[in-house]
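Chemist: Got a sequence here, can you build the structure:
(chains A and B)
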Amino acid sequence: MRSPIRIVFEQRSETPKYLSTLVPLLSVVAALVVGALFLLATGYSPVETYSNMLSDGFTSSRGITDTLGLSTVLICTGISAAFAFQMNLYNIGGEGQLYLGMIGGAWAGLALGDRLPSYLMVPAVLIVGALAGALWVLLPAFVRSRMGTSEIVTTLLLTYIAASLVKHFVYSPGSFFVTKNSAFPQGRLVPDSASLTGINGTSLYPTFFMVILIALALFWIVKRTEYGYRIQVISDSPRAAHYAGINANRTTLSVMLISGALSGLGGAVLIVGPFGRLDPGIILLGYGYAGIVIAALARNNFSAIIVSGILFAGLRSGGDKLQISTDTPIHIGVMLQGAILLFALGGEAFRRYHVHAVRTERAAQ
Amino acid sequence: MNSNIWVLASADSVAIATTLILAALGALFTERAGVLNLGIEGILLTSAITSFLTADASGSIWLGLIVGSLVGALLASIHALLSVVLRANQIVAGLALVIFGTGLANFLGKPAEGKTVSTIIRPLSFGPLSDIPLIGPVVFQQDIITYASIVIAILSSLYLFRSRPGLELRATGDDPATVDAQGLSVASIRIRYTLFGGLLVGLGGSWLMLAQSAAWHQAATTNGVGWIALALVVFAGWRPMRLIFGAILFGFTLQLPFTLQAEQITFIPSALMQMLPYLATLIALIALSRPSTRNKLGAPKSLGIPFVRDER
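Modeler: Numbers count the residues shown, from 1 in each chain, chains lettered A, B, ... in the order given. Below is the predicted model of the structure:
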């Protein structure tokens, strides 16, 4: 009952350079095609939906600044995921670490009050947020490096716990984070000294450039430093790393903590940027989960994450405005994200293997 | 303390366990074949909304259950294609499925927002048996799917450990090269059980919708139950019988916040109480991974590793 034709995967000895660009590009196109068919089937116009997303996300001047503004946090969660993924550590709790970054950042801003000048306040908020994010990954990182407990489910469970924590801090009466005697529970705004203003009144904040620099710095660290080399050796061959005297446990711990700090930074960026307060609305946005997709699409390459982060920000911000302009559910943006990643993963096979069909008679010889 | 509330709480623990048993069994079959499908949460959510929409349009909850289960298998087929056929990274593929499923479910759920299912799956009644104090509500007032889930778990245990195909399934997860040498197709076994697993997860999601929540609350409909189910498989040591008890235990932590609220025990703020199931799962996972216990657990040895025959 064997089929006459067999698909053979032949490992490529060398991957043609053009495939590394072509595969992600084609996966985006394929996902858009599937999305279009899906829109048609559910009674929406794909042309109208996509042209609206394109202009709201990428081509109008308001769209561009909104997209770059949103990409700031998405690049943070993207480099956070990639930093762990490159060592085969699957920190998928960036979402929760982002919440903690928001809690930490808001706490620092409110606790310090108006006592410090802005050039000290903003860094303080960002650093405390990053530390809070690192703190949230400490337990999974510790048990992973000491006992080998898989970090996948532990980091994710902590995301749900972090979500409850955000709700607790906003909805429990008399909380430090909320406005006293307000009609409805709402986070208290951090003082002006702890918040930045958008460039030319847009939703693009100076933090965008900081995050780009961090991504480029990570690119350099991974490619050029001894620490980056250690990460590379451990991920390629844990045994070789062991014989080379590399302390894998310590590297695991530090990589996980840095990954958590980067997601935490993303949360703090929202405090100095558009949000200005602890806002439970963050729980529905999924910026942390998007980071996983962004990292995977960029194949954990930090400079490519800048591109995929901006692409996804456009997709999201274009998608988010859809409901206002066309009544198409905004979730099409998230759906497309997932579809792009699914296609990129499938396409990876064609990048790594030379896939071809052979007749079984010949294969059997 | 109101004893009635605690009887109800115990009955609810068994009821909520239904989704956990079905979803975790689905993950168990998939993992026993050596495939790690982290997409459970996304499958649950998509099955839940499709079962809702089907039941709403057709007026039949049974049709809803069937369609929801099939959608589960359909989503699992994406995972099978990526991880078995195309040898993609299974962890990332599973996550992609969660994100895709969540977006898809929310998109499809737009018209369902604010609606409730017209008829829900009702508990069965066993006459006087259902009226026995304590035992009645817990054992004899559940619905048919809850009983079915326990029967499926028992049958699964027999299948896995007492049948030839069950042996082949376990071997595929542990030592695919040997299975291949026996002339069986590793890929075909892995694809079949990934689809079957998706079917079970889909049934769990549909039940959650049509018997438990009855209204569409977007991602909060499942609220991480899929991830708890994945932890439950580890907790149960990949054994269906242990999974039943684990599911009831985790089911208890899932309903406890509501029971305590009903009891007006408020010294722990409600938002913090909601952490309990995730916290309990987290602690269980960490406690189980002490090296001494882990070896006894028996994870499939080739879990998550694509099978590649030496082909020239």
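Chemist: remind me which residues of the stretch 101-250 of chain B are low pLDDT?
Modeler: Within the stretch 101-250 of chain B, no stretch has pLDDT under 70.
Chemist: Next to chain A in this structure, residues from it, please.
Modeler: Within reach of chain A by CB under 8 Å from any CB of the partner chain, the stretch 101-250 of chain B has these residues: B:101-104, B:106-108, B:110, B:218-219, B:223-224, B:227-228, B:230-231, B:234. In this view, the C-beta of every residue, glycine as well, is placed from N, C-alpha and C.
Chemist: Repeat the analysis, applying 6 Å as the threshold.
Modeler: Residues of the stretch 101-250 of chain B lying close to chain A (CB under 6 Å from any CB of the partner chain) are B:103, B:104, B:106, B:107, B:110, B:224, B:227, B:230, B:231.
Chemist: which residue sits closest to the residue in the stretch 151-300 of chain A positioned nearest to chain B in space, ignoring its chain neighbours?
Modeler: Residue nearest to chain B within the stretch 151-300 of chain A (CB to the nearest CB): residue A:168, separated by 3.7 Å. The shortest distance from residue A:168 to any non-neighbouring residue, by CB to CB, 6 or more residues apart in numbering or on different chains, is to residue B:271 (3.7 Å).
Chemist: State the number of residues packed around the residue of the stretch 151-300 of chain A closest to chain B.
Modeler: By the criterion of other CB atoms under 10 Å in any protein chain shown, residue A:168 has 19 neighbours.
Chemist: Next up, the contacts around it.
Modeler: Counting by CB atoms under 6 Å, 6 or more residues apart in numbering or on different chains, residue A:168 touches B:269, B:271, B:272.
Chemist: tell me the strands in the stretch 1-150 of chain A, going along the chain?
Modeler: Counting by DSSP state E, counting those that start in this stretch, the stretch 1-150 of chain A has strands at residues A:5-11.
Chemist: where in it is pLDDT low?
Modeler: In the predicted model, the stretch 1-150 of chain A carries pLDDT under 70 at residues A:1-4.
Chemist: about what we covered before: drop anything exposed from the residues of the stretch 101-250 of chain B next to chain A.
Modeler: By neighbour count, with 16 or more other CB atoms under 10 Å in any protein chain shown, those hold B:103, B:104, B:106, B:107, B:110, B:224, B:227, B:230, B:231 as buried.
Chemist: Which two of these have the greatest separation?
Modeler: The span of those, defined through CB to CB, is set by B:110 and B:231 at 31.2 Å.
Chemist: The residue lying closest to residue B:194 once chain neighbours are set aside: neighbour count?
Modeler: Nearest non-adjacent residue to residue B:194, counting by CB to CB, 6+ apart: residue B:80, 4.1 Å away. Residue B:80: 26 surrounding residues under other CB under 10 Å.
Chemist: Would you state the helices of chain B in chain order?
Modeler: Ranges of helices in chain B, per DSSP state H, are B:3-32, B:40-58, B:61-80, B:90-108, B:135-140, B:144-162, B:164-174, B:176-181, B:186-207, B:225-235, B:240-262, B:270-273, B:276-288, B:291-297.
Chemist: any chance of those in CSV, with distance to residue A:230 too?
Modeler: Shown next, in CSV, are the helices of chain B (distance: least, CB to CB, whole Å):
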stretch, distance to residue A:230
helix B:3-32, 32
helix B:40-58, 34
helix B:61-80, 33
helix B:90-108, 23
helix B:135-140, 55
helix B:144-162, 42
helix B:164-174, 33
helix B:176-181, 33
helix B:186-207, 35
helix B:225-235, 30
helix B:240-262, 39
helix B:270-273, 40
helix B:276-288, 27
helix B:291-297, 25
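Chemist: Residue A:188: which of those is closest?
Modeler: Residue A:188 sits nearest to helix B:270-273 of all the helices of chain B, at 17.5 Å, using CB to CB.
Chemist: How about residues contacting the closest one?
Modeler: Counting contacts by CB under 6 Å, 6+ apart, the residues outside helix B:270-273 that touch it are A:164, A:167, A:168, A:171, B:257.
Chemist: which parts of the helix or strand where the third one lies are buried?
Modeler: Using DSSP states H and E, residue A:168 sits in helix A:151-171. Using 16+ other CB under 10 Å as the burial criterion, the residues of helix A:151-171 that qualify are A:151-170.
Chemist: State the mean pLDDT of that helix.
Modeler: Here helix A:151-171 scores 93 as its mean pLDDT.
Chemist: Next SSE downstream of it?
Modeler: Following helix A:151-171 in sequence order, the next helix or strand is helix A:207-224 (DSSP H and E).
Chemist: Show me what that next one is in contact with.
Modeler: Helix A:207-224 has contacts (CB under 6 Å, 6+ apart) with A:68, A:72, A:75, A:76, A:79, A:228, A:269, A:273, A:302, A:303, A:305, A:306.
Chemist: Only alpha carbons, please: show it as PDB.
Modeler: Output in PDB follows, covering the C-alpha atoms of helix A:207-224 (Å, rounded to 0.1, in the frame of the first residue of the first chain):
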ATOM      1  CA  THR A 207      12.400  55.000  23.900                       C
ATOM      2  CA  PHE A 208      12.100  53.600  20.400                       C
ATOM      3  CA  PHE A 209      15.600  54.600  19.600                       C
ATOM      4  CA  MET A 210      16.900  53.200  22.900                       C
ATOM      5  CA  VAL A 211      15.300  49.900  22.200                       C
ATOM      6  CA  ILE A 212      16.800  49.800  18.700                       C
ATOM      7  CA  LEU A 213      20.200  50.500  20.200                       C
ATOM      8  CA  ILE A 214      19.700  47.600  22.800                       C
ATOM      9  CA  ALA A 215      18.800  45.200  20.000                       C
ATOM     10  CA  LEU A 216      21.900  46.200  18.000                       C
ATOM     11  CA  ALA A 217      24.000  45.900  21.100                       C
ATOM     12  CA  LEU A 218      22.700  42.400  21.700                       C
ATOM     13  CA  PHE A 219      23.400  41.500  18.100                       C
ATOM     14  CA  TRP A 220      27.000  42.600  18.800                       C
ATOM     15  CA  ILE A 221      27.300  40.800  22.100                       C
ATOM     16  CA  VAL A 222      26.100  37.500  20.700                       C
ATOM     17  CA  LYS A 223      28.300  37.700  17.600                       C
ATOM     18  CA  ARG A 224      31.400  39.200  19.100                       C
END
